[in-house]
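Student: Got a predicted model here, sequence first, then my questions.
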2 protein chains.
Amino acid sequence: MGKPPQISDAEWEVMKVLWEQSPRTANEIAETLCEPMAWHPKTVKTLLGRLVKKGVIRYREEGNRYLYRPALPRERYVEEESRSFVDRVFGGAATPMLVHFVETMKLTEDDLAELRAVLDRKKKE
Amino acid sequence: MGKPPQISDAEWEVMKVLWEQSPRTANEIAETLCEPMAWHPKTVKTLLGRLVKKGVIRYREEGNRYLYRPALPRERYVEEESRSFVDRVFGGAATPMLVHFVETMKLTEDDLAELRAVLDRKKKE
DNA sequence: CCAATTTGATTACAGTTGTAGTCAGTGCTT
DNA sequence: AAGCACTGACTACAACTGTAATCAAATTGG
């Protein structure tokens, strides 16, 4: 299980769309992204091409267009990015990172309760 | 309070050294980093130059050499990187991120106890 | 059937990053 | 005094990014 290829910020946006629902055509993806990201459709196409080249997404021809889908599950990337974030910012120490977040983010009562529940569940191994 | 300039992975390594102790000369920083990072001293110098240009560190001349120090506190960057990480990977939702970490990282009993304590403290507003 | 449109492929181009090398000034060594 | 050793300044250069434009082939509207 080697590490998956790096994907940039802009590429992440495309992946989010594909992880949420796939397969999709370039056009569908562009329609989803161009407005919120203020991107030109061409930009989306470029990103799709790069992701294909990196092997992060695959496509299947449907008539004259392509249907894209992720080649790797979102979890792989969440894991990868999380590790890299914790390493970079917290020197690899997860607990200080968690403490930092709990202390600095504004969390609702419900959030706190949920976290407490997760901790309890975790405690029972 | 605009957002601080982007700093790259390699630049973070330099900043970590400076945040840990400053001011320091280029040479001291290089000695700290070259071995563990397998970097050439020149590489460290380049990074220092870039950080100065970005305004992330400042220097003071001491004889013929410079003494470098951070221009921004580590907290600013922890905050910035955290936000960008949560946005990118968890779509801005902090709680799912925290749940994910608690569930997937291997945490010791002590870690769990610490987190619980933080939650308790937080609950009392 | 031919022109206009659409799609993927290829090319563009500047800014950032990783990773140094070269150059010119200064002070240390003999 | 002459040269070498360090320092910061400037230069190098390829890969990756953001952000498209252009081109050629296929499809569609008239």
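Tutor: Okay, I see it.
Student: can I assume A:Tyr68 sits in a strand?
Tutor: Yes - counting by DSSP: H, G, I helix; E, B strand; the rest coil, one finds A:Tyr68 located in a strand.
Student: Now for it, how many residues are close by?
Tutor: 23 (other C-beta atoms under 10 Å in any protein chain shown). C-beta here means a position set from N, CA and C on the backbone, and glycine is covered the same way.
Student: ok, for it, nearest residue in space, not its chain neighbours?
Tutor: A:Tyr59 (4.8 Å; C-beta to C-beta, 6 or more residues apart in numbering or on different chains).
Student: For that neighbour, which residues are in contact?
Tutor: A:23, A:52, A:66-69 (C-beta atoms under 8 Å, 6 or more residues apart in numbering or on different chains).
Student: State the three-state secondary structure for it.
Tutor: The three-state label for A:Tyr59, taken from three-state DSSP, comes out as strand.
Student: what's the distance between it and DNA strand D?
Tutor: Separation of A:Tyr59 from DNA strand D (C-beta to the nearest atom of the strand, to the nearest Å) stands at 16 Å.
Student: swap in A:Ala26?
Tutor: A:Ala26 is 12 Å from DNA strand D, by C-beta to the nearest atom of the strand.
Student: do A:Arg76 as well
Tutor: When distance is defined by C-beta to the nearest atom of the strand, A:Arg76 is 16 Å away from DNA strand D.
Student: per-residue pLDDT, that residue?
Tutor: At A:Arg76, the model reports a pLDDT of 93.
Student: Repeat that for A:Pro36.
Tutor: At A:Pro36, the model reports a pLDDT of 94.
Student: Flag every buried residue along the helix or strand containing it.
Tutor: Under the criterion of DSSP states H and E, A:Pro36 resides in helix A:26-37. For helix A:26-37, burial by neighbour count (16 or more other C-beta atoms under 10 Å in any protein chain shown) applies to A:26, A:28-30, A:32-33.
Student: Would you mind pulling the contact partners of that helix?
Tutor: Under the contact criterion C-beta under 8 Å, 6+ apart, helix A:26-37 has outside partners A:10, A:13-14, A:17-18, A:39-41, A:44-45, A:48, A:65-66, A:68.
Student: That one and DNA strand C in contact?
Tutor: Yes - residues of helix A:26-37 contacting DNA strand C under C-beta under 7 Å from any atom of the strand: A:26-27.
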